[in-house]
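# no letters, just coordinates:
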């Protein structure tokens, strides 16, 4: 699931935007994708990408009133570095 989530360039751009500024709404993410990456997916498409990232554990969301805020979680990436640690030379 993790590699599938990272395979898509739009999902990687979403993660880049959450690294730049965490705790964003769907509208904010869509705006930043358009401005910073010249991507214009629909809000529905971005929401689906966020669902995939959340299923992989890379994004967590919380609801506050009408808004849902998305936060980056890089801890699933540790499984990759734990599995293939750098070689001591």
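Done, it's in. Nothing here was measured: the structure is a model prediction, and the numbers come from that model. Residues are numbered from 1 along each chain as shown.
# show me the shaky parts of this protein.
For the chain, applying pLDDT under 70 flags no range at all.
# center of it, which residue is that?
residue 15 (3.5 Å; C-alpha atoms, centre = their mean).
# hang on, that one is in a helix, isn't it?
Yes: membership of residue 15 in a helix is supported by DSSP: H, G, I helix; E, B strand; the rest coil.
# what's it in contact with, if anything?
53, 58, 59, 72 (C-beta atoms under 8 Å, 6 or more residues apart in numbering). Heads up, the C-betas are built off the backbone N, CA and C, glycines and all.
# quick one: it from residue 7, how far?
12 Å (C-beta to C-beta, to the nearest Å).
# how close does residue 72 sit to residue 65?
22 Å.
# neighbour count for the two, which is higher?
residue 72 (20 against 5; other C-beta atoms under 10 Å).
# buried residues of stretch 67-76, list them for me.
70, 72 (16 or more other C-beta atoms under 10 Å).
# who's in contact with that stretch?
Applying C-beta under 8 Å, 6+ apart, the contact partners of stretch 67-76 are 2, 15, 18-19, 22-26, 29, 50, 56-63.
# ends of that stretch, how far apart?
25 Å (C-alpha to C-alpha, to the nearest Å).
# how far away from the center of its chain is it?
7 Å (C-alpha atoms, centre = their mean, to the nearest Å).
# so which residues of this structure form helices?
Taking DSSP state H, the helices of the chain run over residues 2-7, 9-20, 26-37, 43-55, 78-83.
# can you report how many residues lie near residue 54?
Around residue 54 there are 15 residues (other C-beta under 10 Å).
# try residue 61
15.
# which ones are touching it?
Contacts of residue 61 (C-beta under 8 Å, 6+ apart): 50, 54, 68, 69, 70, 71.
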